[in-house]
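# Got a sequence here, can you build the structure:
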Amino acid sequence: MVDFFNLYFAEAQGLWWGSAFIGLAPLACLFFQIVYPKPQLLIVSITAAFFFVMAASAASFCWYILDPLIGLSNVWAAMIPGIFFQFVFRCMFVTVYHKVEDVIEASIAKSEEDNGEGDDDNDDEAANNIQASKNRLALNDAACGLAAGVGFGGMHALVFFGSLLASETFDAGILFQPSCPKVPTLAVSAINTFCFFFLDIFWMLFTFFGMRRRVLFPRGGGALNDINPLSRPFGSYFGNTRMGGNNALLICLITHTIAAGFTTLNVFEFGCVFSLSLLPICTIVVAYLFWCGISKIYMPLPNSNVRLSLPASFSYGSHVAEGILSTVNADEKIQDNNE
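Just a heads-up that it's a prediction; the model follows:
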């Protein structure tokens, strides 16, 4: 009897540690290897985590208000507000980031101007100090998007999986669900957490790309070489345009809904056979969409944080729009020469 209990205890302990590593190891690795060493990325990550908490609170408040009124008993009734508010708060976070970025860049520009008015002997030293400050700052959409994804997805993982992991004890038995009678619930949740953590990172990167292009390009505006979708090379299928940014944001909303929908299969008996197969496939598809759609054009051009002056009537895939843009550029060159 004692040997059986010891064997059972060892199995439960191995399940707990194995599930913890599957669900939380990616978070720990990315956080301590990439985010934690840089204070500015740590701030970005913590702020993104706070925005996830606000999104979860908003979704809970919405459900709390609407449930007594219309009866939100279906699983989709709980997921749709969560998907919507996570999307909204991702966009809000990136908007706040852009405003902070503008303030920081204005401060750096003012420092450059003030140092430029000083003595010539101190010019080299001032330039070196400014460049050192920029290098220490190292704020860009790739680094901050990854850090924000780690923060947002990390808090999601802790809320989604941490509570279940904390409630599991080695002597309380192993929990199984009718949807997955052969695989412990802790292992199922660990796999789901693993997938959603990386999905949250890609969704945040898509959001950074989409919101940046909405800032750069006016409504209907875009770069001339991105007018024809058929001419876009691999890695830039979405296009370095406002429409490409909107497509990236739409990808976040659609794939989040699909990924969440796969988890509803766990309501049915043996449903985990499908959910545990489809969710990793969804993660791979989202990663592929990022790779082929925006990976080559993810970083904006230097000094491109100012909205481009393209006509509002500019339309994609239109030769007429191409002619309009050429005319506008020619008029601007003539005007510059006259001045």
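# can you give me the helices for the stretch 101-250 of the chain?
123-137, 141-157, 163-167, 185-216, 242-263 (DSSP state H, counting those that start in this stretch).
# quick one: which of the ones you listed is nearest residue 13?
Each of the helices of the stretch 101-250 of the chain was checked against residue 13 via CB to CB, and the shortest separation belongs to helix 185-216, namely 11.8 Å. Any C-beta I mention is one placed from the backbone N, CA and C, and that applies to glycine too.
# quick revisit: dump the helices of the stretch 101-250 of the chain to TSV, plus mean neighbour count and mean pLDDT.
Output for these, formatted as TSV (neighbours: other CB atoms under 10 Å; pLDDT from 0 to 100):
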stretch	mean neighbour count	mean pLDDT
helix 123-137	12	54
helix 141-157	24	94
helix 163-167	13	80
helix 185-216	23	92
helix 242-263	20	92
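# export these to JSON lines and tack on distance to residue 232?
Formatted as JSON lines, those follow (distance: least, CB to CB, whole Å):
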{"stretch": "helix 123-137", "distance to residue 232": "32"}
{"stretch": "helix 141-157", "distance to residue 232": "20"}
{"stretch": "helix 163-167", "distance to residue 232": "43"}
{"stretch": "helix 185-216", "distance to residue 232": "14"}
{"stretch": "helix 242-263", "distance to residue 232": "9"}
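# Tell me which of the ones you listed sits nearest to residue 95.
helix 185-216 (6.5 Å).
# and the angle from the closest one to helix 242-263?
Our comparison of helix 185-216 with helix 242-263, counting by axes from the mean of the first three to the mean of the last three CA atoms, to 10 degrees, yields an angle of 170 degrees.
# Does anything pack onto helix 185-216? Which helices or strands?
Counting contacts by 3 or more CB pairs under 8 Å, 6 or more residues apart in numbering; DSSP states H and E, helix 185-216 packs against helix 2-30, helix 75-116, helix 141-157, helix 163-167, helix 242-263, helix 272-293.
# Looking at those helices, which is nearest to residue 48?
When those are compared by CB to CB, helix 141-157 sits nearest residue 48, at 3.5 Å.
# who wins for proximity to residue 87 among the helices of the stretch 101-250 of the chain?
Each of the helices of the stretch 101-250 of the chain was scored for nearness to residue 87 using CB to CB, and the closest is helix 242-263 (5.4 Å).
# what distance separates that closest one from the centre of its chain?
The chain centre lies 11 Å from the centre of helix 242-263; the measure is CA atoms, centre = their mean, to the nearest Å.
# tell me what it is packed against?
If you count contacts as 3+ CB pairs under 8 Å, 6+ apart, helix 242-263 packs onto helix 75-116, helix 185-216, helix 272-293.
# rewinding a little: of all the helices of the stretch 101-250 of the chain, which one comes closest to residue 42?
The closest approach between residue 42 and any of the helices of the stretch 101-250 of the chain, judged by CB to CB, belongs to helix 141-157 at 7.6 Å.
# Noted, bye for now.
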